[in-house]
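[1] Got a predicted structure plus its sequence, pasted below:
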Amino acid sequence: MLATRARLTTQLLRFAAVGTVGFVVDATVLYAVADHLGLYLGRLLSFWAAATVTWLLNRRYTFEPADRADTPGGGRVRQYARYIVSMLAGAAVNYLAYVAALQAGMHPIAAVALGSLAGLAINFCSARWMVFNQRKKHAPCKH
């Protein structure tokens, strides 16, 4: 039980660290495209870029190599597709918090940060259970 809790904590901390890298990618891409796409449409592209980077890093650093190799349905492309789909609930929460923050007058970077934090727990549980197949091997995300 203690080992499982420690493992979950380690994964959550790594997921958050990877999320910090994702935040930098998100904000960078948003600022790169905002003049052409605006802050709302640009955020959709920047979130996709950040999700792609976080999939690569979470696959490598957050979830153990044996779990990376165990991709039900096979292959990295399918795993990537599952990751992007599994991030949609967290993305919706993220985007709603982002829009609300912009509407409240927050700076766009602060709005991106708020949105990222808002979707963190949902995205962690989705990645852990739906993508990296942790549900069957380890205690559930709710610990």
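    Alright, I've got the coordinates. Residues are numbered from 1 along each chain as shown.
[2] Enumerate every residue touching the residue positioned nearest the centre of the chain.
    Nearest to the mean C-alpha position of the chain, counting by CA atoms, centre = their mean, stands residue 123 at 5.1 Å. With contact taken as CB atoms under 8 Å, 6 or more residues apart in numbering, residue 123 is in contact with 15, 19, 86-87, 90-91. Bear in mind the C-beta positions are built from the backbone N, C-alpha and C, glycine included.
[3] Alpha carbons of the helix or strand that contains it, in PDB - could you do that?
    Using DSSP states H and E, residue 123 sits within helix 108-126. Coordinates of each C-alpha in helix 108-126 appear next as PDB, following Å, rounded to 0.1, in the frame of the first residue of the first chain:
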ATOM      1  CA  PRO A 108      -3.000  35.400 -21.500                       C
ATOM      2  CA  ILE A 109       0.000  33.600 -19.900                       C
ATOM      3  CA  ALA A 110      -1.800  33.700 -16.600                       C
ATOM      4  CA  ALA A 111      -4.900  32.400 -18.300                       C
ATOM      5  CA  VAL A 112      -3.000  29.500 -19.900                       C
ATOM      6  CA  ALA A 113      -1.500  28.700 -16.500                       C
ATOM      7  CA  LEU A 114      -4.900  28.700 -14.800                       C
ATOM      8  CA  GLY A 115      -6.400  26.500 -17.500                       C
ATOM      9  CA  SER A 116      -3.500  24.100 -17.200                       C
ATOM     10  CA  LEU A 117      -3.900  23.700 -13.500                       C
ATOM     11  CA  ALA A 118      -7.700  23.300 -13.900                       C
ATOM     12  CA  GLY A 119      -7.200  20.300 -16.200                       C
ATOM     13  CA  LEU A 120      -4.300  18.700 -14.400                       C
ATOM     14  CA  ALA A 121      -6.100  16.100 -12.300                       C
ATOM     15  CA  ILE A 122      -8.400  15.000 -15.100                       C
ATOM     16  CA  ASN A 123      -5.600  14.700 -17.500                       C
ATOM     17  CA  PHE A 124      -3.400  12.700 -15.100                       C
ATOM     18  CA  CYS A 125      -6.200  10.200 -14.400                       C
ATOM     19  CA  SER A 126      -7.000   9.900 -18.100                       C
END
